[in-house]
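Engineer: Give the three-dimensional model of this entry:
(one chain, ligands or ions: 1)
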Amino acid sequence: MAENKIEKHAEQLRRSIDHHNHLYYVLDSPEISDGEYDRLLRELIDLEEGYPSLRTKDSPTQRVGAAASTAFLPMIHRVPLLSIDNAMSYGEIQSFHSRVARWLEKDDISYCCEPKFDGLAVELVFEKGVLTRGGTRGDGITGEDVTDNLRTIRSIPLRLITDNPPELLEARGEVVMPRDAFSRLNHDRSLSGEPLFANPRNAAAGSLRQLDSRITATRNLVFFAYGISDPASIGLATQFEILERLGELGFRTNPDIRLCGSVDEVIAFATYMQEKRETLPYEIDGVVVKVNTVADQESLGVKARSPRWVIAYKFPPVQATTLVKTIDVQVGRTGVITPVAILEPVKIGGVTVSRATLHNAEEIARKDVRQGDTVIVQRAGDVIPEIVAPIKSKRLEDSHPFSMPENCPSCKSRLVKDGAHWRCVNISCPAVVKEGIYHFASKEAMDIDGLGRRLIHSFVDLGLVHDVADLYALKKEDLSALEGFADVSASNLITSIDASRKVALDRFVYALGILHVGSVAARRLSDTFKSLENIMDASYQDLCSIKGIGEEISRSISDFFANKHNYTVIRKLMDHGVEIISASHETIPMSPLKSKRLCFTGTLISMPRLEAKMRVEALGGEVVNSVSKHLDYLIAGDQPGSKLGRAASLGVAVLDEETFLEFLGGADADKG
Ligand code: IVH
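Structural biologist: Okay, the predicted model is just below:
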């Protein structure tokens with residue numbers, strides 16, 4: 001092809017990919033399959049590789065991210081991002097309205113009400129319709145330039161959908177991490193021994209501030225637009241029009257927007273959103289109430305750092321006060337020491353909370369939480385309960401600040417500082433060994449049924465088991481000798497240990513418990529290298545070249561296999577008859593869920609959604625969040641939501657929970 005023809009073709013591909021990206025990530029209604037989308041993208045990547053001069057900054061190929069080594073540059077906002085005053089009660093919404101009415105000398109004021117996202121405010125700069133820069137809010141005047149990271153967020157258009165773009169458009173909005181992405185991320189981090197994020201907002205912030213944008217690209221962040229720096233300059237007269245225009249230009253905007261003609265309607269909307277809050281796929285912490293007319297906004301103006309035309313009503317948090325009985329330190333599988341507050345059990349929002357993580361020593365010092373303190377505990381959505389603050393006036397006189405132990409509570413070896421965390425680096429530490437065995441035996445790993453923490457602790461404490469390989473040398477007599485361990489249970493355990501000997505490569509790699517290697521990374525390694533020998537022989541460069549395996553994971557894998565002790569244990573496992581067969585997803589050819597796209601609505605009685613999702617994925621299916629005509633099954637649990645109606649209107653098959661369980665169970669039967 002002639003050069004200009006190729007250039008045209010590349011441009012066509014880009015347009016088409018942008019279009020399908022918008023359908024999928026902004027409108028939730030894809031028109032082509034993921035496979036077709038990938039093919040288009042692959043073709044463009046190949047073209048651009050052949051002709052690097054064709055590669056443009058706004059090309060969808062630039063969404064994958066790239067490694068950066070320097071810190072972020074400052075981004076100065078042309079028009080400052082102001083903050084908003086809070087209203088903590090409905091009364092304060094009423095006072096806000098009175099102030100506005102007095103100032104404008106009229107009473108009939110229309111308010112545009114929007115959910116208040118609990119994420120991270122960012123600004124995106126589009127020059128002649130092309131995204132050129134984006135940064136965090138920072139202090140409102142200067143933020144951090146995180147353009148490369150923002151480009152990886154699929155709901156951010158890399159160019160605006162318009163034939164007639166404005167010279168300059170500065171769109172503002174919020175980056176959030178949806179609840180399911182958050183649970184998945186934390187689940188993966190717990191499996192690979194990394195510290196957990198406290199809530200989706202922190203996770204979104206941490207993900208957006210990654211120096212390596214390839215990591216950001218994996219975090220499933222979503223951007224919602226809610227404003228423009230200078231609406232009058234592009235002829236928009238109301239906040240409602242701004243939101244509409246942002247939608248037309250290709251941004252995702254919140255579907256729960258309401259125009260309210262009176263303060264009573266505003267309050268009704270706030271009440272409605274507070275009830276709806278828990279059912280949303282992302283977290284909100286209130287409702288933002290904006291005077292709708294831009295001209296009115298301008299006449300109201302700004303005081304100090306916040307405009308007079310907007311207020312944020314904050315939902316009351318779900319909190320309670322209780323007593324810190326003691327502060328325990330736990331040793332994790334990777335030796336990370338996590339302090340945990342053991343609480344006098346207390347009910348918060350219908351759930352009894354008796355423990356709260358304190359994350360690390362710095363967090364405890366910052367909050368100054370002490371044993372014996374009365375503290376405020378908070379639960380937000382499905383997030384791990386956290387201590388907000390101690391109530392200092394109730395502090396006991398003889399209380400003293402918590403100090404982190406200098407030695408491992410299990411093996412007494414000296415702890416080593418590793419970033420914000422303290423770590424026990426003794427690979428033979430009984431606590432680390434026990435957690436390692438527990439992980440090895442877990443369902444997603446070797447799946448040794450019946451081997452729980454209690455038994456593992458006895459085995460290690462009695463010296464029956466020193467490492468995971470020793471499990472395969474256990475005899476029924478060893479177990480029967482244990483106090484309170486019946487003959488039948490002993491036989492059953494030996495049988496399940498035996499059954500785990502034949503194992504798929506990805507499960508085995510995951511079971512090894514290599515730092516940062518969760519089930520997804522293990523699957524990638526297994527798909528790429530096909531055998532354990534190949535993985536062990538892979539160089540750091542080989543590993544880095546695999547999609548989704550970054551430098552940190554590669555370094556960790558190299559270090560793991562370079563360690564003589566690990567090598568010995570793997571040898572010992574093989575000597576005890578552990579045999580790697582094939583990748584697990586190839587062993588379930590008969591699954592009715594293979595290559596099927598599913599979505600859930602309502603509550604499942606038999607298992608949490610996350611587990612359902614993992615089981616579907618283990619059977620080769622995919623779980624998506626929204627109903628479209630490309631969905632194969634909608635699984636309706638108890639009290640299904642609006643997705644049910646949508647599925648019916650699109651003719652998508654709906655399964656009840658029982659049938660869904662049969663699908664899962666049927667595959668289990670095939671496996672055996
Ligand atoms: S409008 C001057 N709309 O709330 C008004 N802000 O407490 C500019 N926020 O930093 C902001 N959802 O991050 C606006 N629908 C929404 C919002 C929203 C969340 C955040 C924003 C801002 C913070 C102020």
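Engineer: where in the stretch 51-200 of the chain is pLDDT low?
Structural biologist: For the stretch 51-200 of the chain, applying pLDDT under 70 flags the ranges 68-70.
Engineer: Quick one: name the residues of it near the ligand.
Structural biologist: With CB under 6 Å from any ligand atom as the criterion, the stretch 51-200 of the chain comes near the ligand at residues 82-84, 114, 116-117, 121, 137, 174. Heads up, the C-betas are built off the backbone N, CA and C, glycines and all.
Engineer: Quick check: Leu169 is in a strand.
Structural biologist: Yes. Assigned with DSSP: H, G, I helix; E, B strand; the rest coil, Leu169 falls within a strand.
Engineer: ok, what's across the strand from the closest residue to Ala205 other than its chain neighbours?
Structural biologist: What sits nearest to Ala205 in space, not counting adjacent residues and going by CB to CB, 6 or more residues apart in numbering, is Leu120, at 5.1 Å. Taking DSSP bridges as the rule, Leu120 bridges to Val175.
Engineer: from memory Leu120 sits against Ser207, does it?
Structural biologist: No. Using CB atoms under 8 Å, Leu120 is not in contact with Ser207, being 9.3 Å away.
Engineer: thinking again about what came up before, so what's the residue nearest to Ala205 up against?
Structural biologist: 136-137, 174-176, 201, 204-205, 208 (CB atoms under 8 Å, 6 or more residues apart in numbering).
Engineer: rerun that using 6 Å as the cut-off
Structural biologist: Counting by CB atoms under 6 Å, 6 or more residues apart in numbering, Leu120 makes contact with 175, 204-205.
Engineer: State the helix or strand in which Asp328 lies.
Structural biologist: According to DSSP states H and E, Asp328 maps onto strand 318-331.
Engineer: Equivalent analysis for Phe224, please.
Structural biologist: Here Phe224 sits within strand 222-228, counting by DSSP H and E.
Engineer: Show me what the top helix by length along the chain is packed against.
Structural biologist: The longest helix of the chain (DSSP state H) is helix 3-25. If you count contacts as 3 or more CB pairs under 6 Å, 6 or more residues apart in numbering; DSSP states H and E, helix 3-25 packs onto helix 34-50.
Engineer: The strand holding Asp328: partners in the sheet, and parallel or antiparallel?
Structural biologist: Partners of strand 318-331 in the sheet, by DSSP bridges, are strand 337-348 (antiparallel), strand 374-379 (antiparallel).
Engineer: then stretch 469-484 to PDB, C-alphas only?
Structural biologist: The C-alpha coordinates for stretch 469-484 follow below in PDB (Å, rounded to 0.1, in the frame of the first residue of the first chain):
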ATOM      1  CA  ALA A 469       6.300 -31.000  50.400                       C
ATOM      2  CA  ASP A 470       6.000 -32.800  53.800                       C
ATOM      3  CA  LEU A 471       2.200 -32.800  53.400                       C
ATOM      4  CA  TYR A 472       2.700 -35.500  50.700                       C
ATOM      5  CA  ALA A 473       4.700 -37.700  53.100                       C
ATOM      6  CA  LEU A 474       2.000 -37.700  55.800                       C
ATOM      7  CA  LYS A 475       0.600 -41.100  56.700                       C
ATOM      8  CA  LYS A 476      -2.800 -42.000  58.100                       C
ATOM      9  CA  GLU A 477      -1.000 -43.200  61.300                       C
ATOM     10  CA  ASP A 478       0.500 -39.700  61.800                       C
ATOM     11  CA  LEU A 479      -2.900 -38.100  61.700                       C
ATOM     12  CA  SER A 480      -4.700 -40.700  63.800                       C
ATOM     13  CA  ALA A 481      -2.200 -40.000  66.600                       C
ATOM     14  CA  LEU A 482      -3.400 -36.400  66.700                       C
ATOM     15  CA  GLU A 483      -5.800 -35.700  69.600                       C
ATOM     16  CA  GLY A 484      -9.400 -35.300  68.500                       C
END
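Engineer: Counting neighbours, which bits of the longest helix of the chain end up buried?
Structural biologist: 10, 13-14, 16-18, 20-25 (16 or more other CB atoms under 10 Å).
Engineer: Touching the strand or helix carrying Glu275 from outside, list them.
Structural biologist: If you go by DSSP H and E, Glu275 is part of helix 263-276. By CB under 6 Å, 6+ apart, the list of residues contacting helix 263-276 from outside reads 90, 93-94, 97, 111, 113, 115, 258, 260, 287, 289, 313, 315.
Engineer: any chance of the residues you listed in a markdown table, with distance to Gly193, neighbour count and secondary structure too?
Structural biologist: As requested, these are exported to a markdown table (distance: CB to CB, whole Å; neighbours: other CB atoms under 10 Å; DSSP: H, G, I helix; E, B strand; the rest coil):
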| residue | distance to Gly193 | neighbour count | secondary structure |
| --- | --- | --- | --- |
| Tyr90 | 46 | 15 | helix |
| Ile93 | 46 | 21 | helix |
| Gln94 | 51 | 15 | helix |
| His97 | 52 | 21 | helix |
| Tyr111 | 48 | 28 | strand |
| Cys113 | 44 | 25 | strand |
| Pro115 | 35 | 26 | strand |
| Arg258 | 45 | 17 | strand |
| Cys260 | 49 | 19 | strand |
| Val287 | 39 | 27 | strand |
| Val289 | 44 | 28 | strand |
| Tyr313 | 40 | 25 | strand |
| Phe315 | 34 | 17 | coil |
